[in-house]
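> following is a predicted model, sequence given first.
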Amino acid sequence: MIGEQKTAYERLKERLATISDLRSTKSLLFWDQQTYMPGGGVTGRAEQMATLSRLSHEMLADGETAGLLDTAGEPNPSSEEAALLRRARRDYDRATRLPAELVAEISRVTSMAEPAWVKARERSDWSLFAPHLEKVLSLERESAEYLGYEDHPYDAFLDAYEPGAKTARLASMFEELRRGVVSLISAVAERSRDGEDRSAPLKDVFGETEQEKFGRAVVSAFGYDWKRGRQDRSVHPFCVSPGPGDVRITTRFDRGWLAPALFGTMHEAGHALYTQGVNPDYARTPLGGGASMGVHESQSRLWENLVGRSRPFWSHYYPKLKDVFPEALEGVDAETFYRAINVLEPSEIRVEADEVTYNLHILLRFELEVALIEGTLSVADLPRAWNEKMEEYLGIEPKNDSVGVLQDIHWADGLFGYFPTYAVGNILSVQLFDAAVRAHPGIPEQIREGDFSTLLGWLRENVHRHGARYYPDELVERATGRPLATAPYLSYLNEKFGELYDLEELLNFADRYERGAPYDDISEEEAVSRYREVVPELSGEDYRRSAREAFSRMEPEERAELGTQLRDQSLQQGYDFPEPSADDREDPFRDPDYLTELTTQMRHEHPDLLEELIGDGGAGLVGGMMGEGITGGEGVASDGGMLGNPVAKAALAGIAAIGFKRMADGN
């Protein structure tokens, strides 16, 4: 760019820098309000922040900005200049759609809502916060209409934090996620009924000073630069950057529980490492932030979970932790501690949830936010709806609103559309970590030695330094070689928690079936046992799809044999077997669709009957057709039976294996 265009571009950068300074100053005031500001300063601070919001908005939406954008030229599309202009035009477009008075009012109202939320949470009194949320919600709905949207008003909020995201796309991805984690939670629940509190080692007396010192040592090793950062206390932990070279984190400590501060510090440090790693040339420009909040959350979750909750990490750091807390951790070995920090157990609090159930906390909030924005859920009914979804998703009814609907600050701040980025971050964290390990296979062993330099270096090169140069979808593909997908994340969860809760046998069973092994490598006893374990957890549609795939893998003659045997067994036991419909098919049992509909109907009408017909005792197909006096396992005939019927075994094994894989993969 030369001449007038160069001048216009540089003048635009100067203007954008001033806007950035105003926003950074507001961030500094926010940090102060959350950490040190006396309570009496709330009203004055609300006005100050409203003024800064109005000034930065007016400057961005001003005609001079438009003129500079129009005359800044069209640089090489792959250049940094072009990326800056893309982001600036996007910001300008959003800003010009919102009246300055509305922006200032949102800032003023949310500044007043925050202390009201703090008080309501302390007293567990929803009525103290509800009027403030009514105002916030009304303003947010109004802003959605100004911003505009193609499909759903919630899209307007998503786009602020996750450019290009759509409600429908996230709903589909989250459904895959829900199906996968629900199946894992169900499988673990079957193995966690002994009443043992695996998290007990984390609940003792842990001094705050010692917790802070240990946490600082860990994030220092991660690479957090204390010359450009600091740590303070707040009710709700956060990371904020009030300006170039200044990236601050806050933490909440609990003397009776080690986890909140320990993993909260790692989490916020992950955000800080991202911000500290952005190309310094991007400071005070639209490229100075992250690609999206989902990408930002991927960094916090990567360091908190993929690193901080890993066995290699604690093989190095647990001896150091025991040195800090010798009395509290007396008699607790490294493996017990590792299992304690990775307990899978539904809980009331999102920020204290395990890796698996955390996702259901996010899905719950996503669905409630969408309903609030749509107007199908009122603020008055929100606590009830919250509790109902907690019961539905996690089997928990919060004991009060403080640990229920009042636990998060986000709605007080008007951050509608932010919660989904946590789940996006979870999914992306694994995809990025896997890509880093593919590039540098020695990373896990380096973590075991307390060395995080290679991992941080890969993240710096492929994620951090780019700042907001690329939109999230492009950044993900550049860094990992593929679009964002739930499969790697679900595989990670299944592998990790499968090992922790002895689910390897079930995973191995499904893998053996996939290799075509039901006839020679899966026993009748195992087929029946796995069917009983998996099928009760399948929805009607999941069962239908699993049965359809299992039957399709059988030969037509095998399906015909199975259908005939099912009919004969059911009639012998007095079940009114559905007769094949009158059509042109000579033997409808040979059709996998017909056999699927038949067995689905039988399961729907009599949930236990199909198992009894195929696999239960001497009367079942697996246990009642070939040979006599053969000793079988639980639920399999020991006499008068057909223990060796391969067709029935293949059907049971197939439905169970495919059903489990579908749940585990979220499909």
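Now that the structure is in, tell me what you want to look at.

> in three-state terms, label the most centrally placed residue in the chain for me.
By Cα atoms, centre = their mean, the chain has its centre lying nearest to residue 423, at 2.8 Å. When states are read from DSSP: H, G, I helix; E, B strand; the rest coil, the local structure at residue 423 comes out as helix.

> all numbers from here: first residue = 852
OK, 852 is where the count begins now, so the last one is residue 1274.

> what's the closest non-adjacent residue to it?
For residue 1274, ignoring the flanking residues on the chain, the nearest one in space by Cβ to Cβ, 6 or more residues apart in numbering is residue 1213 at 4.3 Å. All C-beta atoms are positioned from the backbone trio N, CA, C, and that covers glycine.

> quick one: buried residues of whichever helix or strand that neighbour is part of?
Counting by DSSP states H and E, the element that carries residue 1213 is helix 1209-1225. Of the residues in helix 1209-1225, those buried by neighbour count under the rule 16 or more other Cβ atoms under 10 Å are 1209-1224.

> pLDDT of stretch 1108-1119, averaged?
In this model, stretch 1108-1119 carries a mean pLDDT of 96.

> please apply the same query to stretch 921-932.
pLDDT averaged over stretch 921-932 gives 92.

> what do you get for stretch 1420-1427?
Mean pLDDT, computed over stretch 1420-1427, is 76.

> same question for it: list its buried residues.
Buried, per 16+ other Cβ under 10 Å, within stretch 1420-1427: 1420-1421, 1426.

> for it, how far is the first residue from the last?
This stretch, stretch 1420-1427, spans 11 Å end to end (Cα to Cα, to the nearest Å).

> check stretch 1148-1165 too.
So stretch 1148-1165: terminal residues 23 Å apart, Cα to Cα.

> report the distance from it to the chain centre.
On the basis of Cα atoms, centre = their mean, to the nearest Å, stretch 1148-1165 is displaced by 14 Å from the centre of the chain it belongs to.

> rewinding a little: residues making contact with the helix holding residue 1213?
Helix 1209-1225 has contacts (Cβ atoms under 8 Å, 6 or more residues apart in numbering) with 988, 991-992, 995, 1003-1005, 1008, 1018, 1021-1022, 1025, 1028-1029, 1032-1033, 1197, 1201, 1204, 1228, 1230, 1233, 1236-1237, 1240-1241, 1244-1245, 1259, 1267-1268, 1270-1271, 1273-1274, 1277.

> mind listing what residue 1129 touches?
For residue 1129, the set of contacting residues under the criterion of Cβ under 8 Å, 6+ apart consists of 1138-1141, 1315-1318.

> so it versus residue 1121, what's the distance?
Between residue 1129 and residue 1121 the distance, using Cβ to Cβ, to the nearest Å, works out to 14 Å.

> wasn't residue 1099 part of a strand?
Yes. According to three-state DSSP, the state of residue 1099 is that of a strand.

> and the next helix or strand past the helix or strand hosting residue 994?
With the criterion set as DSSP H and E, the secondary-structure element containing residue 994 is helix 977-998. Along the chain past helix 977-998, the next helix or strand (assigned with DSSP H and E) turns out to be helix 1005-1012.

> quick check, pLDDT for residue 1475.
The predicted structure scores residue 1475 at 41 on the pLDDT scale.

> let me fix that: residue 1433
At residue 1433 the predicted local confidence, pLDDT, stands at 47.

> what does residue 1223 give?
Residue-level pLDDT assigned to residue 1223 equals 98.

> where's it relative to residue 965, distance?
Residue 1223 sits 18 Å away from residue 965 when distances are taken as Cβ to Cβ.

> confidence score at residue 1044?
So residue 1044 comes in at 58 (pLDDT).

> ah, wrong one, I meant residue 1340
So residue 1340 comes in at 96 (pLDDT).

> count the residues that sit near it.
Neighbouring residues of residue 1340 were enumerated by other Cβ atoms under 10 Å; the total is 25.

> buried residues in the helix or strand harbouring it?
Element membership of residue 1340, judged by DSSP H and E, is helix 1338-1351. Judged by neighbour count (16+ other Cβ under 10 Å), helix 1338-1351 contains these buried residues: 1338-1341, 1343-1345, 1347-1349, 1351.

> next: stretch 886-896.
If you call a residue buried by 16+ other Cβ under 10 Å, then stretch 886-896 has these buried ones: 888, 893, 896.

> relative to residue 1115, how far out is the residue nearest to residue 1274?
Looking at residue 1213 against residue 1115, where the rule is Cβ to Cβ, the gap reads 17 Å.

> which SS class is residue 1174?
helix.

> so how many other residues sit close to it?
The local packing count at residue 1174 equals 10, with neighbours defined by other Cβ under 10 Å.

> could you do the one 10 residues further on as well?
As a burial measure, the neighbour count of residue 1184 was computed by other Cβ under 10 Å and equals 11.

> next, it: phi, psi?
Phi and psi for residue 1184, reported as degrees, to the nearest 10, are phi -90, psi 170.

> hmm, back to that, make JSON lines from the buried residues of helix 1338-1351 and add distance to residue 1161 to it.
Formatted as JSON lines, these follow (distance: Cβ to Cβ, whole Å):
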{"residue": "1338", "distance to residue 1161": "20"}
{"residue": "1339", "distance to residue 1161": "16"}
{"residue": "1340", "distance to residue 1161": "15"}
{"residue": "1341", "distance to residue 1161": "18"}
{"residue": "1343", "distance to residue 1161": "11"}
{"residue": "1344", "distance to residue 1161": "13"}
{"residue": "1345", "distance to residue 1161": "16"}
{"residue": "1347", "distance to residue 1161": "9"}
{"residue": "1348", "distance to residue 1161": "13"}
{"residue": "1349", "distance to residue 1161": "15"}
{"residue": "1351", "distance to residue 1161": "12"}
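
> what sits closest to residue 947 if chain neighbours are left out?
Excluding the flanking residues, the one nearest residue 947 by Cβ to Cβ, 6+ apart is residue 912, at 4.7 Å.

> give me the pLDDT for that neighbour.
Here, the pLDDT recorded for residue 912 equals 95.

> picking up where we left off before, ok, the residue nearest to residue 1274 to residue 1260 distance?
Spatial separation of residue 1213 from residue 1260 under the definition Cβ to Cβ is 15 Å.

> repeat for residue 1448
Plainly put, residue 1448 is 51 Å away from residue 1260 if you go by Cβ to Cβ.

> for residue 1181, same thing?
Distance of residue 1181 to residue 1260, computed by Cβ to Cβ: 37 Å.

> who's more crowded, these two?
It is residue 1260, of residue 1181 and residue 1260, that has more neighbours when counted by other Cβ under 10 Å, with 18 against 9.

> surely the more buried one touches residue 967?
No. Between residue 1260 and residue 967 there is no contact under Cβ atoms under 8 Å: 11.1 Å.

> and the helices in the stretch 1352-1501 of the chain, which stretches?
Remark: helices of the stretch 1352-1501 of the chain, listed N- to C-terminal, are 1355-1365, 1375-1385, 1391-1403, 1407-1423, 1443-1456, 1460-1466, 1497-1516; assignment by DSSP state H, counting those that start in this stretch.

> before we move on, the earlier item: show me what contacts the residue nearest to residue 947?
In this structure, residue 912 makes contact with 943, 946-947, 949, 951, judged by Cβ under 8 Å, 6+ apart.

> next step: those restricted to helices.
Assigned to helices by DSSP state H, the following of those qualify: 943, 946-947, 951.
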